[in-house]
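> this one's structure only:
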């Protein structure tokens with residue numbers, strides 16, 4: 001029986017150690033957007049720095065807008081049941097405008113996920129009839 005326990009402990013230790021090797025790539029828009037240079041960077045450069053866009057929109061002939069989003073939350077905000085009362089996740093986004101595959105404009109925006117929740121509470125605006 002002691003050798004069985006030893007093998008179980010070795011297996012458990014191996015699983016825990018190998019689990020720490022897992023690497024999920026993280027996109028950090030706030031810092032990665034600084035690598036983009038208007039008038040110099042190409043669409044391929046943007047793909048290298050920021051990855052695949054979350055949305056693409058054709059504005060005009062040869063003009064496109066790419067939207068990149070990331071949502072980040074603290075450990076406390078991810079806590080089940082009570083996390084929604086401890087804050088709201090922040091959302092960052094980068095909008096890149098390309099003309100003929102060259103970056104002409106880009107901007108970074110950040111806000112809380114619940115920043116516009118007040119717009120749903122419009123009972124004070126309803127007409128009394």
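Yep, it's here. All values reported here derive from a predicted model rather than from experimental measurement.
> mean confidence score for the longest helix seen in the chain?
As assigned by DSSP state H, the longest helix anywhere in the chain is helix 2-19. Averaged across helix 2-19, pLDDT comes to 74.
> which strands or helices does that helix pack on?
Based on contacts counted as 3 or more Cβ pairs under 8 Å, 6 or more residues apart in numbering; DSSP states H and E, there is no element that helix 2-19 packs against. Where you see a C-beta, it was placed from the backbone N, CA and C, and this is true even at glycine.
> and the helix or strand following that helix, what does it pack against?
Counting by DSSP states H and E, the next helix or strand C-terminal to helix 2-19 is helix 29-32. Applying 3+ Cβ pairs under 8 Å, 6+ apart, we find helix 29-32 packed against helix 43-50, strand 63-72, strand 90-99, strand 102-112.
> single out the most deeply packed of these.
Comparing the helices and strands packed on helix 29-32 by mean neighbour count (mean count of other Cβ atoms under 10 Å), strand 90-99 comes out on top with a mean of 19.
> quick one: contacts for residue 106?
33, 36, 38, 94-97 (Cβ atoms under 8 Å, 6 or more residues apart in numbering).
> and residue 95, how far from residue 71?
From residue 95 across to residue 71, the span is 16 Å (Cβ to Cβ, to the nearest Å).
> likewise residue 29?
Relative to residue 71, residue 29 is positioned 11 Å away (Cβ to Cβ).
> likewise for residue 101?
28 Å.
> cool, residue 10 as well?
39 Å.
> and residue 103, by the same measure?
From residue 103 to residue 71 the distance is 24 Å (Cβ to Cβ).
> thought residue 32 was touching residue 49?
Yes: using Cβ atoms under 8 Å, residue 32 is in contact with residue 49, at 5.0 Å.
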